[in-house]
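Peer 1: the following comprises the amino acid sequence and a computationally predicted model.
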Amino acid sequence: MLKPRPAAEPRVVGAALAGALALAMLVVGIVAWLGEWHLGADSAVYRAGALTLLKGEPLYTREALTTLPPWVLLPFTYTPAAAPLFLPLAIVPAGLTWGVVGALSLVCLSVVISVVARAGGAPITRWWVLPLATAGALALEPVWKTIFLGQINIVLMALIVLDVLVFSARGSRWAGVLIGISAAIKLTPLIFVPHLLFTGRWKDALRALGTFVALEAVMFAVIPGDAFRFWTEAATDPGRVGSVHWIFNQSLNGLVNRASELAPWSLTVAIAIAAVLAVPAVWLVVRLHRGGDPVGALLVTAFYGLLLSPVSWSHHWVWTVPLLVLLVIRRSWVPAAGVAVLFVSGVIMFVPNGGNTEFGWGLGWSLLGNVYVLAAATAITGLAVRELRRGSAQVAAVAAK
């Protein structure tokens with residue numbers, strides 16, 4: 001008599017279904033390619049950067065890259081080392097790039113959810129949780145906008161999450177490398193180098209910084225002119241990334257520039273505010289990490305980095321996904337509902353914006369138009385105060401014994 005075959009492990013089924021979502025995204029991408037839809041402007045820039053490198057043409061010019069499709073007129077704003085890292089996209093047909101980047105992003109989204117759940121103490125064991133959570137995350141404004149634009153934000157987040165919560169947590173000799181690679185694509189992941197330092201992992205921090213420096217140094221040998229031009233001109237040219245006062249720049253710099261109507265001292269004030277906020281943020285990161293909450297510590301650094309960066313477009317706020325995962329597994333239902341409503345509603349999309357509209361908002365529109373920034377800054381400060389009170393209460397309790 002034949003014995004019944006054992007059912008597939010729920011986690012395997014869940015991973016397979018999550019993978020099916022990514023495959024469905026690729027199918028949509030193929031349809032978009034065949035239908036000649038103009039989707040994924042940013043993914044087109046990634047591919048164009050790789051092709052420009054292969055052709056030996058300059059990456060950082062005022063004119064559009066010759067390797068871009070005619071409907072995209074965006075500059076290449078990434079580091080010189082990003083161009084060779086985008087080379088796999090060079091073999092993908094131009095119209096299919098969006099589908100490939102989107103499918104990869106969905107795979108990475110599932111990885112982030114799974115890793116954060118496990119690191120938070122509640123590994124996913126039911127088959128339906130991972131695909132449902134992955135699909136549900138698509139409702140968040142930063143996530144669907146990342147997918148729509150063909151952005152790489154979710155991929156970079158996955159690399160950082162794997163590095164900090166898996167490799168570094170296990171003491172791997174490769175810990176820090178993925179952060180270094182991420183920073184070599186976009187500079188903003190450099191914020192996780194001090195995160196490693198403050199949490200006592202100085203070897204990992206040095207490895208991350210060393211990886212970043214090595215990759216960029218190689219490009220000085222490969223394309224010295226472009227490398228020099230990036231670090232001396234393009235990296236600090238705000239005109240290459242768009243209007244910093246536009247509502248979708250949800251950073252302290254964006255907030256101050258909107259309030260000051262692009263006053264020349266805006267960036268200085270934003271940095272000063274960030275410096276003050278760094279005190280509770282760093283203290284909170286260290287306390288949470290030492291208290292056995294590596295996910296919480298990582299998220300504080302991630303959201304502080306979004307506030308600190310001169311430009312944090314709303315689609316950069318994909319760190320909302322691991323935040324929601326952490327809140328749900330801890331049954332913090334009210335904060336979770338608040339975060340979900342804020343980012344599912346995409347409230348900033350309904351605030352008048354564009355041109356100089358942001359300069360005439362008034363108090364009401366200003367609160368809504370800067371809501372991501374205000375929410376993150378308030379949360380970091382509030383959590384620091386809460387932890388400080390808990391610490392004081394613990395000290396008082398010990399002293400009373």
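Peer 2: Ah, there it is.
Peer 1: so what's the closest residue to residue 219 other than its chain neighbours scoring on pLDDT?
Peer 2: Nearest non-adjacent residue to residue 219, counting by Cβ to Cβ, 6 or more residues apart in numbering: residue 80, 3.7 Å away. C-beta: built from backbone N, CA, C; applies to glycine. Per-residue pLDDT puts residue 80 at 97.
Peer 1: helices or strands up against the longest helix seen in the chain?
Peer 2: Using DSSP state H, we find that the single longest helix of the chain is helix 371-400. Where contact means 3 or more Cβ pairs under 8 Å, 6 or more residues apart in numbering; DSSP states H and E, helix 371-400 is packed against helix 252-260, helix 266-290, helix 294-308, helix 333-345.
Peer 1: quick revisit: contacts only, for the residue nearest to residue 219.
Peer 2: Shown in contact with residue 80 (Cβ atoms under 8 Å, 6 or more residues apart in numbering): 59, 216, 219-220, 222-223, 226-227, 230.
Peer 1: among the residues you listed, which ones are in strands?
Peer 2: Among those, the subset assigned to strands under DSSP state E is empty.
Peer 1: doesn't residue 331 lie inside a strand?
Peer 2: No: according to DSSP: H, G, I helix; E, B strand; the rest coil, residue 331 belongs to no strand; its state is coil.
Peer 1: number of nearby residues for it?
Peer 2: By other Cβ atoms under 10 Å, the residues close to residue 331 number 8.
Peer 1: and for residue 127?
Peer 2: Neighbours of residue 127 using other Cβ under 10 Å come to 19.
Peer 1: surely it touches residue 14?
Peer 2: Yes: between residue 127 and residue 14 there is a contact under Cβ atoms under 8 Å: 4.5 Å.
Peer 1: excluding chain neighbours, give the residue nearest to residue 226 in space.
Peer 2: residue 59 (4.8 Å).
Peer 1: revised request: answer the last question for residue 189.
Peer 2: Per Cβ to Cβ, 6+ apart, closest to residue 189 is residue 182, 3.9 Å.
Peer 1: how many residues are close by the one you found?
Peer 2: 26.
Peer 1: what about it, helix or strand, and which?
Peer 2: Residue 182 is located in helix 177-185, with elements delineated by DSSP states H and E.
Peer 1: quick one: contacts of the following helix or strand past that helix?
Peer 2: Downstream of helix 177-185, the next assigned helix or strand under DSSP H and E is helix 192-198. By Cβ under 8 Å, 6+ apart, the residues outside helix 192-198 that reach it are 160, 163-164, 168, 176, 179, 182-183, 202, 204-205, 208-209, 212, 282, 285-286, 289, 297-298, 301, 305.
Peer 1: at 6 Å what do you get?
Peer 2: 160, 179, 204-205, 208-209, 282, 285-286, 301 (Cβ atoms under 6 Å, 6 or more residues apart in numbering).
Peer 1: so how far is it off the chain centroid?
Peer 2: Remark: helix 192-198 is offset 16 Å from the chain centroid, using Cα atoms, centre = their mean, to the nearest Å.
Peer 1: out of the contacts of residue 80, which is nearest to residue 360?
Peer 2: residue 230 (35.9 Å; Cβ to Cβ).
Peer 1: and the angle for the helix or strand of the chain with the lowest mean pLDDT with helix 333-345?
Peer 2: Ranking every helix and strand in the chain by mean pLDDT, DSSP states H and E puts helix 371-400 at the bottom, with a mean of 88. Between helix 371-400 and helix 333-345, the angle comes out at 170 degrees (axes from the mean of the first three to the mean of the last three Cα atoms, to 10 degrees).
Peer 1: tell me the SS of the closest residue to residue 254 other than its chain neighbours?
Peer 2: Nearest residue to residue 254 in three dimensions, chain neighbours excluded: residue 244, at 5.9 Å (Cβ to Cβ, 6+ apart). Secondary structure for residue 244, judged by three-state DSSP, is coil.
Peer 1: check contacts around residue 244.
Peer 2: 238, 254, 257.
Peer 1: flag the least confident of those residues.
Peer 2: Among the contacts of residue 244, residue 238 has the weakest pLDDT, 70.
Peer 1: without its sequence neighbours, what residue ends up closest to that one?
Peer 2: Nearest non-adjacent residue to residue 238, counting by Cβ to Cβ, 6+ apart: residue 244, 5.4 Å away.
Peer 1: where does the one you found fall, phi/psi-wise?
Peer 2: Note on residue 244: its backbone torsions stand at phi -70, psi -20 [degrees, to the nearest 10].
Peer 1: what about it, distance to residue 263?
Peer 2: Going from residue 244 to residue 263 by Cβ to Cβ, to the nearest Å gives 12 Å.
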